[in-house]
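Participant: quick check, what structure comes out for this input:
(2 chains)
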Amino acid sequence: MSDTPLLAAEGLVKRFPSGVVAADGVSFAVRHGETVGLVGASGSGKSTVARIVLGLTRPDAGTVRFDGRELTTLPPRRLRPLRARLQFVPQSPRASLNPRLTAAESIAFNLRAHGWRRRDIRARVAELLDQVGLTAGHGDRRPAELSGGQAQRVAIARALATRPDLVVCDEAVSALDRSVQAQILNLLAGLQRETGVAYLFISHDPAVVEHLCDRVLVMRDGRVTSPSKERP
Amino acid sequence: MSGLTISNLTVTIGGVRVVDGVDLTVPAGGTLVLVGESGSGKSVTVRAALGLLGRRAAVTGTATFGGVDAARVRGRSIGLVAQDPTTALDPLRRVGAQIAEVLRHHRTGGDPVALLARAGVPDPARVARAYPHELSGGLRQRALIAVATACDPELVVADEATSALDPGAAERVLALLTRRSLLLVTHDVGVARRLGGARETVVAVMYAGRIVEQGPAAAVLSAPRHPYTRGLLAAEPAPGVPRGALPVIPGRPPEPGERPAAGCAFAPRCALARDVCLRARPEPAGGTHRAACHV
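Facilitator: Now for the predicted structure:
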């Protein structure tokens, strides 16, 4: 593994027309295979940073390097192949999955979008469902027919489908009750051991972040106030 | 100040019994925390008690507030904080105008900016002029609290009002609400812990449409009696638990339509389950700290 961090954000600034400065010089790095937590009060800028990292929001200033390549100025056509390696698990799984697609179709959609061939997709979807603890029967269900925890497993399988190096989880377990949350946290930790994926894990819950993360960044008013506290 | 009393409440929707004989009391001037997973029936319980379910739902049992039907005093004596701050506000109208509408509807005087200030909103004049999308989730939540408390209700019902907030913001929001009787509905058992012991707080745990445990918060949190409550508390991330090794309750709660007809609904997931648990439904037993469990 090289010394170059997988993801390096430098001096990110984002102002909104309303005058709110959501990011005010944010810098951090995520190394291969590690979990970095990003905590902060609501409105502190966590989600804006996530959107910039994912290429969904352009920063007013600053750079995001993913595996050495600058993301923020990349045209969409060149960004797409990198997206296969940089995936996302959102907060509200049932709302983020296409309600018309079955779980298996949602996972397959992501693979097709990244150029996987039909005959490989079927086997990969089966493998992923198994990896996140779901059956083939769950694969045939639509989001409305899945529990919150099951839908979040589908969202995780969809994110891991293209064998990404980094998954950004934005409040990925916040809407789940504690018993299901514990199942999903164990799942995320287990998948990391199996696949070596790195996580940027955004949460407003310090207990969850302390549990899951190697390092924790604290955001306040658009700034990182505590630079990456190492886990003891 | 009055309390809310829910007696033998049962809700059937589309032939499925979603809530099954629920008894709950919000102590006057105190707090009831109703904890349950999604699908447990906790939101339906509260909506039924306040008369918010449509005609498709068959409701039996009673919910009274100060001697009258709770549904009749909703909006005035009972304020409701809506669950989802992103959808409960009209996206096309300024926040201040939406609060003013509530005040007009209930014919009470009041100033939206002052109400926002009371709800702990910094720079309330700016927030009153803002559209919902210009505000963070935490600010939107506080705007909803300003709406719910506009008529100075005696009881506030808050369904997941703090779930989307960081602990600091949640604490400030709860402090605003705890000047009244409070019914807090939440999926996070940790909310009860964060309330502290300054006033009478009761925790009720709901599973598969029934209350499985109910008692003073300190007792339920420190000495839970129902295996489900114990599982929920053990699953909280705590210092010293290795990553990936959180104790979990196996399986998942049954959907309303697939709950077992006989016995305890938790038995299929319960490590302590015996024959009797599959045969007979446990009834709540015990004094002020009650649990519905054979074991």
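
Participant: least trustworthy helix or strand in chain A by mean pLDDT?
Facilitator: Averaged element by element with mean pLDDT, DSSP states H and E, chain A has its least confident helix or strand at strand A:223-230 (a mean of 70).

Participant: just confirm A:Ile121 contacts A:Arg112, I think it does.
Facilitator: Yes - if you go by Cβ atoms under 8 Å, A:Ile121 and A:Arg112 touch, sitting 6.6 Å apart. Glycine gets a C-beta too; all of them are placed from N, C-alpha and C.

Participant: more neighbours, these two?
Facilitator: Taking neighbours as other Cβ atoms under 10 Å in any protein chain shown, A:Ile121 and A:Arg112 compare with A:Ile121 leading, 18 against 14.

Participant: show me what the residue most central in space within chain A is bridged to.
Facilitator: The centre of chain A sits closest to A:Val168, judged by Cα atoms, centre = their mean, with a distance of 1.8 Å. With DSSP bridges as the criterion, A:Val168 is bridged to A:Phe88, A:Leu200.

Participant: and it, what is it in contact with?
Facilitator: A:Ala50, A:Val53, A:Leu54, A:Leu86, A:Gln87, A:Phe88, A:Val89, A:Tyr199, A:Leu200, A:Ile202 (Cβ atoms under 8 Å, 6 or more residues apart in numbering or on different chains).

Participant: try A:Ala104
Facilitator: A:Val125, A:Leu129, A:Ala136, A:Gly139, A:Asp140.

Participant: any chance of TSV for those, columns pLDDT and neighbour count?
Facilitator: Formatted as TSV, those follow (pLDDT from 0 to 100; neighbours: other Cβ atoms under 10 Å in any protein chain shown):
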residue	pLDDT	neighbour count
A:Val125	96	24
A:Leu129	93	21
A:Ala136	89	12
A:Gly139	94	21
A:Asp140	95	12
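
Participant: nearest to B:Arg230, of those residues?
Facilitator: Comparing the contacts of A:Ala104 against B:Arg230 with Cβ to Cβ places A:Leu129 closest, at 30.9 Å.

Participant: over to that closest one. Which of the three states is it?
Facilitator: Here A:Leu129 is recorded as helix under DSSP: H, G, I helix; E, B strand; the rest coil.

Participant: so it touches A:Thr135, yeah?
Facilitator: Yes - using Cβ under 8 Å, A:Leu129 makes contact with A:Thr135 at a distance of 7.0 Å.

Participant: burial of residue 43, as a residue count?
Facilitator: Using chain A. A:Gly43: 22 neighbours (other Cβ under 10 Å).

Participant: not quite, go with chain B.
Facilitator: Neighbours around B:Ser43, by other Cβ under 10 Å: 21.

Participant: same check on the one 3 residues further on?
Facilitator: For B:Val46, the number of neighbouring residues by other Cβ under 10 Å comes to 25.

Participant: what is the helix or strand containing it packed up against?
Facilitator: Element membership for B:Val46, per DSSP states H and E: helix B:42-49. Packing partners of helix B:42-49 (3 or more Cβ pairs under 8 Å, 6 or more residues apart in numbering or on different chains; DSSP states H and E): strand B:4-13, strand B:16-26, strand B:31-36, strand B:57-65, strand B:155-159, strand B:181-186.

Participant: then it to PDB, C-alphas only?
Facilitator: Written as PDB, here are the backbone C-alpha positions of helix B:42-49 (Å, rounded to 0.1, in the frame of the first residue of the first chain):
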ATOM      1  CA  LYS B  42     -45.700   3.400  18.600                       C
ATOM      2  CA  SER B  43     -46.600   6.200  16.200                       C
ATOM      3  CA  VAL B  44     -49.900   4.600  15.400                       C
ATOM      4  CA  THR B  45     -50.700   4.500  19.100                       C
ATOM      5  CA  VAL B  46     -50.000   8.200  19.500                       C
ATOM      6  CA  ARG B  47     -51.900   9.100  16.300                       C
ATOM      7  CA  ALA B  48     -54.900   7.100  17.400                       C
ATOM      8  CA  ALA B  49     -54.900   8.700  20.800                       C
END
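
Participant: report the buried residues of it.
Facilitator: Buried residues in helix B:42-49, counted by 16 or more other Cβ atoms under 10 Å in any protein chain shown: B:Lys42, B:Ser43, B:Val44, B:Thr45, B:Val46, B:Arg47, B:Ala48, B:Ala49.

Participant: before we move on, what about stretch B:274-290?
Facilitator: B:Cys277, B:Pro282, B:Pro284, B:His289, B:Arg290.

Participant: where's the third one relative to chain A, distance?
Facilitator: Read that as B:Pro284. As judged by Cβ to the nearest Cβ, to the nearest Å, B:Pro284 and chain A stand 21 Å apart.

Participant: list the beta-bridge partners for B:Val35.
Facilitator: B:Thr186, B:Val205.

Participant: okay, the buried residues of helix B:42-49 in TSV with pLDDT next?
Facilitator: As requested, the buried residues of helix B:42-49 are exported to TSV (pLDDT from 0 to 100):
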residue	pLDDT
B:Lys42	91
B:Ser43	88
B:Val44	91
B:Thr45	95
B:Val46	93
B:Arg47	91
B:Ala48	94
B:Ala49	94
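
Participant: how about the contacts of A:Ala104, which pair is most distant?
Facilitator: A:Val125 and A:Asp140 (11.2 Å).

Participant: which stretches of chain B form helices?
Facilitator: Per DSSP state H, chain B carries helices over the ranges B:42-49, B:95-105, B:112-118, B:124-129, B:137-148, B:167-177, B:190-194, B:217-222, B:227-234, B:275-279.

Participant: what do you get for chain A?
Facilitator: Taking DSSP H as the criterion, chain A carries its helices at A:46-53, A:76-83, A:93-96, A:103-113, A:118-131, A:136-139, A:148-160, A:178-195, A:206-212.

Participant: coming back round to it: who wins for proximity to A:His32 among the helices and strands packed on helix B:42-49?
Facilitator: Taking the helices and strands packed on helix B:42-49 one by one with Cβ to Cβ, strand B:181-186 is closest: 37.7 Å.

Participant: same for the closest one, what does it pack against?
Facilitator: strand B:16-26, strand B:31-36, helix B:42-49, strand B:155-159.

Participant: one more time with 7 Å, if that's ok
Facilitator: strand B:31-36, helix B:42-49, strand B:155-159 (3 or more Cβ pairs under 7 Å, 6 or more residues apart in numbering or on different chains; DSSP states H and E).

Participant: any idea how far stretch B:111-131 is from the chain center?
Facilitator: On the basis of Cα atoms, centre = their mean, to the nearest Å, stretch B:111-131 sits 25 Å off its chain's mean C-alpha point.

Participant: B:Pro242 and chain A, how far apart?
Facilitator: Going from B:Pro242 to chain A by Cβ to the nearest Cβ gives 9 Å.

Participant: one more: B:Asp90?
Facilitator: Look at B:Asp90 and chain A: by Cβ to the nearest Cβ, they are 18 Å apart.

Participant: what about that residue, neighbour count?
Facilitator: B:Asp90: 13 neighbours (other Cβ under 10 Å).

Participant: ok, back up a step: farthest-apart pair in the buried residues of stretch B:274-290, please.
Facilitator: B:Cys277 and B:His289 (20.5 Å).

Participant: pLDDT weak spots in the chain?
Facilitator: In the absence of a named chain, this looks at chain A. Applying pLDDT under 70 to chain A flags residues A:1-2, A:227-232.

Participant: wrong one, chain B
Facilitator: In chain B the weaker segments, taking pLDDT under 70 as the threshold, are B:1, B:83-86, B:163-169, B:178, B:196-197.
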